[in-house]
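>>> Return atomic coordinates for the entry below.
(one chain, ligands or ions: 1)
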Amino acid sequence: MSKPPVKKNETIELTFEDLTHEGNGVGKLNGYPLFVPYALPGETGKVKVIKVKKNFAIGKLVDVQEASEQRVDPPCDVYTQCGGCQLQHMSYDLQLQMKQKQVQDTMHKIGHLGHVAVHPVIGMDDPWNYRNKVQIPFGESKNGNLKTGFYRKRSHDIIDMDTCMIQDEHNNRMVETVRRIAEKYGIKPYRESDHSGILRHIMVRTGQTTGDIMVVIITKTRKLPHQEAIVQEIRQTFPDVKSIVHNVNNKRTNVIMGERTTVLWGDEYIMDTIGDIKFNISPKSFYQVNPTQTKKLYDQALQYANLQGHETVIDAYCGIGTISLFLAQQAKKVLGVEIVAPAIDDAKKNAKLNNIANAEFYVGEAEKIFPWWQAQGLRPDVIVVDPPRKGCDEALLNAMIDMQPERIVYVSCNPSTLARDLRILEDGGFETKEVQPVDMFPQTGHVECVSLLQRETI
Ligand code: SAH
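Numbers count the residues shown, from 1 in each chain. Model prediction:
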């Protein structure tokens, strides 16, 4: 291979033609690609070469000479410092197009499923202030005050920030309020470097349909100083707060919450609804962060499941039973399985809360329970899976193939593992009919998909 056409630290002019899956601009010099954050297709700009490798280089955009019509001014002040959002410099239309293409490319390259229809991404009408949950660390600002902010990209430095534009406004205001109160009482932030101090994180979750708010203050110490005054002042500022919780985490770890959780005031959960179904959500439960889009995702999953009322359905990786309870309204019976025991407790309570009697929930690893169910002769008509980023375990995929359901509905937050698993299911006798991406995380590079597979009839 010939020498790279650029040298480190030189500045060149480059025209961009494409975007990577992370949203970086791609420009080529005689076929040699340069990846440049914040550059958009169709643009020409000055680029400083930062890193040179044999097959590609990374550059920094120093000047845009011809801007794309899709370029927008990022509205957030800390956009380029913060690791949270990656796509604020592009129009929302371009974000959606990019995500659709990412899913198409991945289906083709990893799953060899280039022929499968990947529909345009279902976006949001207003792609801001959508997140119902914030978890944010405390730190100390230069002048010794308490600060709250996300970590700088690829580091544990905390950015001093007032507000996050993808967060629900209630969450932003609650973080600001608790910071102000803690500041007033001189409570020190936790310091990772020597494991000293008190305040580690604050977590706030808002039920967007009910207006319920939960705040969890996480400290290293067993005691939260000025606890009563803090509770009182939070209630004064937010008269409708539902739940004020203290959690203790005294370990040196990146995991945010520790074992010990105490309700300081109010309920130990908040409520939210998706469609007609109510959910109780406790401090540690997994709950989708964008409920507006979750409704669209679940509606699509339900449509793909195409239930007539006589079916037995398995919902694997069911969390607190969100998808299961949606399915149960239209099926004969739903079996949910999930590895986290407290989530299953929530799922059972949520079934009762909604008077749903045809959903059963089991704690365990899906990849162990499925083969056991299969050996017992369980033959579901439809299987729904919604695994974490690493996708489904192979033992689970094999059990699904052996169970021979009519349809499989695969919900995924990672197109790569989705494409890998669809390939295995295709080889096992299923056909991928269509893939519907849903934008659960506007302004970020993430994309969620729901896909339908049908058993091939021989
Ligand atoms: N379907 C739910 C949750 C999806 S998140 C919803 O839409 O809200 C993925 C879930 O898979 C998490 O709750 C996680 O605890 C669970 N999980 C992870 N590994 C698992 C495994 N091996 N078996 C069963 N559940 C698992």
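
>>> which ones are touching the residue in the stretch 251-400 of the chain positioned nearest to the ligand?
Here the residue of the stretch 251-400 of the chain nearest the ligand is residue 319; by Cβ to the nearest ligand atom that distance is 2.9 Å. The C-beta positions use only the backbone N, C-alpha and C, and glycine is treated the same way. By Cβ atoms under 8 Å, 6 or more residues apart in numbering, the contact list for residue 319 reads 285, 286, 287, 338, 340, 343, 347, 386.

>>> residues from the stretch 301-450 of the chain in reach of the ligand?
Counting by Cβ under 6 Å from any ligand atom, the stretch 301-450 of the chain comes close to the ligand at 317-319, 322-323, 337-340, 343, 365-367, 386, 388.

>>> Those residues: which two are farthest apart?
Based on Cβ to Cβ, the longest span within those runs between 322 and 367 and measures 21.0 Å.

>>> Run through who's touching stretch 165-174.
For stretch 165-174, contacts defined as Cβ under 8 Å, 6+ apart pick out 75-76, 84-85, 128-134, 162-164, 202, 204-206, 208, 211, 213, 215, 234, 238, 241, 442-444.

>>> Can you give me the pLDDT of the closest residue to the residue of the stretch 251-400 of the chain closest to the ligand other than its chain neighbours?
What sits nearest to residue 319 in space, not counting adjacent residues and going by Cβ to Cβ, 6 or more residues apart in numbering, is residue 286, at 4.7 Å. Residue 286 carries a pLDDT value of 88.

>>> my read: residue 286 touches residue 344, true?
No: judged on Cβ atoms under 8 Å, residue 286 makes no contact with residue 344 at a distance of 11.6 Å.

>>> and these two? which has more neighbours close in?
residue 344 (21 against 15; other Cβ atoms under 10 Å).

>>> From the contact counts, what lies against the lengthiest helix in the chain?
Assignment by DSSP state H gives helix 92-111 as the longest helix of the chain. If you count contacts as 3 or more Cβ pairs under 8 Å, 6 or more residues apart in numbering; DSSP states H and E, helix 92-111 packs onto strand 117-118, helix 415-427, strand 430-438.

>>> Just the C-alpha atoms of that helix, please, in CSV.
Included here for helix 92-111 are C-alpha records, laid out as CSV according to Å, rounded to 0.1, in the frame of the first residue of the first chain:
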residue,chain,number,x,y,z
TYR,A,92,-33.1,16.7,12.3
ASP,A,93,-33.9,15.5,8.8
LEU,A,94,-30.3,14.7,8.2
GLN,A,95,-30.1,12.9,11.5
LEU,A,96,-33.0,10.7,10.5
GLN,A,97,-31.6,10.0,7.0
MET,A,98,-28.2,9.1,8.5
LYS,A,99,-29.7,6.7,11.0
GLN,A,100,-31.8,4.9,8.3
LYS,A,101,-28.6,4.6,6.1
GLN,A,102,-26.7,3.3,9.1
VAL,A,103,-29.3,0.5,9.7
GLN,A,104,-29.4,-0.3,5.9
ASP,A,105,-25.6,-0.5,5.7
THR,A,106,-25.3,-2.7,8.8
MET,A,107,-28.1,-5.1,7.6
HIS,A,108,-26.1,-5.4,4.4
LYS,A,109,-22.6,-5.7,5.7
ILE,A,110,-23.1,-7.8,8.9
GLY,A,111,-26.3,-9.6,8.2
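
>>> what does it rub up against?
19, 21, 23, 40, 70, 87, 90, 113-114, 116, 118-121, 123, 127, 415-416, 418-420, 422-423, 426, 432, 435, 437, 439, 442-443, 447, 449.

>>> now do stretch 290-307
With contacts defined as Cβ under 8 Å, 6+ apart, stretch 290-307 is touched by 122, 124, 130-132, 208-209, 272, 274-275, 288, 311, 313, 322-323, 326-327, 330-331, 382, 384, 407, 409, 411, 436, 438-441, 448, 450-452.

>>> Among these, name the buried ones.
122, 124, 130-132, 208-209, 272, 274, 288, 311, 313, 322-323, 326-327, 331, 382, 384, 407, 409, 411, 436, 438-441, 448, 450-452 (16 or more other Cβ atoms under 10 Å).

>>> Among those, which lie within strands?
Judged by DSSP state E, the subset of those located in strands is 272, 274, 313, 382, 384, 407, 409, 411, 436, 438, 448, 450-452.

>>> if we can go back for a sec, from the contacts of stretch 165-174, list just the buried residues.
Buried members of the contacts of stretch 165-174, counted by 16+ other Cβ under 10 Å: 76, 84-85, 128-134, 164, 202, 204-206, 208, 213, 215, 234, 238, 241, 442-444.

>>> these two touch, right, residue 249 and residue 221?
No: applying Cβ under 8 Å as the test, residue 249 and residue 221 come out as separate, 10.0 Å apart.

>>> For the lowest-mean-pLDDT helix or strand in the chain, enumerate the helices and strands it packs against.
In the chain, the helix or strand scored least confidently by mean pLDDT, DSSP states H and E is strand 146-148, which has a mean of 92. Packing contacts for strand 146-148, counted by 3+ Cβ pairs under 8 Å, 6+ apart, involve strand 133-140, helix 169-184.

>>> Parallel or antiparallel, list what pairs with the shortest one.
Sheet pairing here is set by DSSP bridges, and for strand 133-140 it gives strand 146-148 (antiparallel), strand 199-206 (antiparallel).

>>> quick one: is it near the ligand?
No: for a cut-off given as Cβ under 6 Å from any ligand atom, strand 133-140 has no contacts with the ligand; the smallest distance is 12.3 Å.

>>> and the angle from that strand to helix 169-184?
Counting by axes from the mean of the first three to the mean of the last three Cα atoms, to 10 degrees, strand 133-140 points 20 degrees away from the direction of helix 169-184.

>>> Would you mind naming what in the stretch 151-300 of the chain lies close to the ligand?
Going by Cβ under 6 Å from any ligand atom, the residues of the stretch 151-300 of the chain near the ligand are 286, 288.

>>> again, 8 Å this time
Residues of the stretch 151-300 of the chain found near the ligand (Cβ under 8 Å from any ligand atom) are 286, 287, 288, 294, 297, 298.

>>> Name the SS class of the first one, please.
Three-state assignment for residue 286 (DSSP: H, G, I helix; E, B strand; the rest coil): coil.

>>> Next: the last one.
Going by three-state DSSP, the secondary structure assigned to residue 298 is helix.
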